[in-house]
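Peer 1: Give me coordinates for this.
(one chain, ligands or ions: 4)
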Amino acid sequence: AKLEADLRQGWQNKELVLHYQPQVSSDGQVVGAEALMRWQHPERGMVMPHEFVPLAEETGLILPLGRWALQSACMQLVVWSKHPETARLSVAVNVSARQFHHPDFVQEVLDVLKYTGADPKRLKLELTEGLLVEDMESTVARMVELKQIGIGLSLDDFGTGYSSLSYLKSLPLDQLKIDQSFIRDVLVDANDAAIACAIVSLSKILGLSVIAEGVETEAQRAFLLSHGCKTYQGFLYAPPLPAERFREYVHERL
Ligand code: G
Ligand code: G
Ligand code: MN
Ligand code: NA
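Peer 2: Residues are numbered from 1 along each chain as shown. Ligands and ions are numbered 1, 2, ... in the order given. Below you'll find the predicted structure:
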């Protein structure tokens with residue numbers, strides 16, 4: 001209850017910030033970023049999402065927080081669009097089940113795009129498997145609406161949820177995101193390696209792009225590349241960075 005009151009207060013005091021973690025292609029180019037929320041609490045310090053996102057989901061605070069994250073990320077896209085070095089970057093925003101299934105979600109996305117002037121083609125939404133198995137028919141309809149706006153859809157934490165091949169086939173996705181739990185030991189655990197490779201193959205069969213998250217070493221990256229995964233996110237490149245640091249990072253890599 002204390003944390004909930006603090007979060008409401010922190011939200012009103014504008015203590016929430018978005019950090020951006022680079023997504024990098026096999027030729028070393030930064031192609032985009034995942035936007036990740038942090039809460040800069042005056043006494044607690046930097047509070048990470050696993051400490052407050054579940055609470056925000058339970059209490060419904062995730063609705064205003066999620067809308068704010070979407071809007072901030074879209075404003076960042078507009079800033080990036082004005083500089084040639086960053087104009088081609090995409091941004092991926094995490095979306096909770098409660099947000100996605102809210103009746104006003106699509107309209108809110110449209111409002112944010114209109115208000116910010118962001119290019120929907122540079123915006124990706126990260127959805128989780130759990131969110132998609134709920135009422136398949138209306139979920140697919142909603143995804144189709146988002147796709148028609150031009151937004152990309154990425155399936156986050158892939159492999160950890162209810163992955164069934166039959167439902168994957170019927171979802172209008174653009175990307176699978178290999179969960180970091182399969183990447184961590186990909187070089188030493190044959191099962192993790194097999195799963196990671198299977199996800200890459202599956203993405204090819206389904207005509208989707210694929211990104212590996214939690215890539216920490218050059219050897220992991222080389223293994224993934226040799227198995228056809230050509231986009232990476234993880235500490236090998238950079239942790240989630242404040243917007244200003246992210247901009248510097250992109251400049252340093254040019
Ligand atoms: O940055 P970190 O690895 O601590 O983030 C952990 C998780 O918190 C992410 O994988 C994501 O599921 C969740 N998260 C971070 N930012 C957001 C956000 O803006 N919205 C939602 N719904 N979840 C987020
Ligand atoms: O959206 P998702 O729940 O997948 O959020 C990704 C989380 O993983 C973020 O909280 C981010 O800080 C964390 N993360 C990003 N890269 C790495 C990495 O290379 N290693 C580890 N252990 N965690 C990472
Ligand atoms: Mn994510
Ligand atoms: Na993830």
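Peer 1: Every contact and neighbour count from this point should use C-alpha atoms.
Peer 2: Will do.
Peer 1: buried sites along the worst-scoring helix or strand of the chain on mean pLDDT?
Peer 2: Lowest by mean pLDDT, DSSP states H and E among the helices and strands of the chain is helix 165-170, with a mean of 83. Neighbour-count burial for helix 165-170, counted by 16 or more other Cα atoms under 10 Å, picks out Leu168.
Peer 1: contacting residues around that helix?
Peer 2: Contacts with helix 165-170, where a contact means Cα atoms under 8 Å, 6 or more residues apart in numbering, come from Val140, Leu206.
Peer 1: Show me the strands paired with whichever helix or strand comes after it, marking each as parallel or antiparallel.
Peer 2: Once the chain leaves helix 165-170, the next helix or strand it forms, by DSSP states H and E, is strand 175-178. Here strand 175-178 has these sheet partners by DSSP bridges: strand 152-158 (parallel), strand 209-213 (parallel).
Peer 1: chain center to strand 175-178, what's the gap?
Peer 2: In terms of Cα atoms, centre = their mean, to the nearest Å, the centre of strand 175-178 is found 10 Å from the chain centre.
Peer 1: Show residues contacting it.
Peer 2: So strand 175-178 is in contact with 153-159, 196, 199, 203, 208-213, going by Cα under 8 Å, 6+ apart.
Peer 1: same check, this time on stretch 23-43
Peer 2: Counting by Cα under 8 Å, 6+ apart, 10, 15-22, 45-49, 69, 73, 88-94, 225, 230-234, 237, 240, 250, 253-254 sit against stretch 23-43.
Peer 1: at 6 Å instead, please
Peer 2: Contacts with stretch 23-43, where a contact means Cα atoms under 6 Å, 6 or more residues apart in numbering, come from 15-22, 46-48, 89-93, 230-233.
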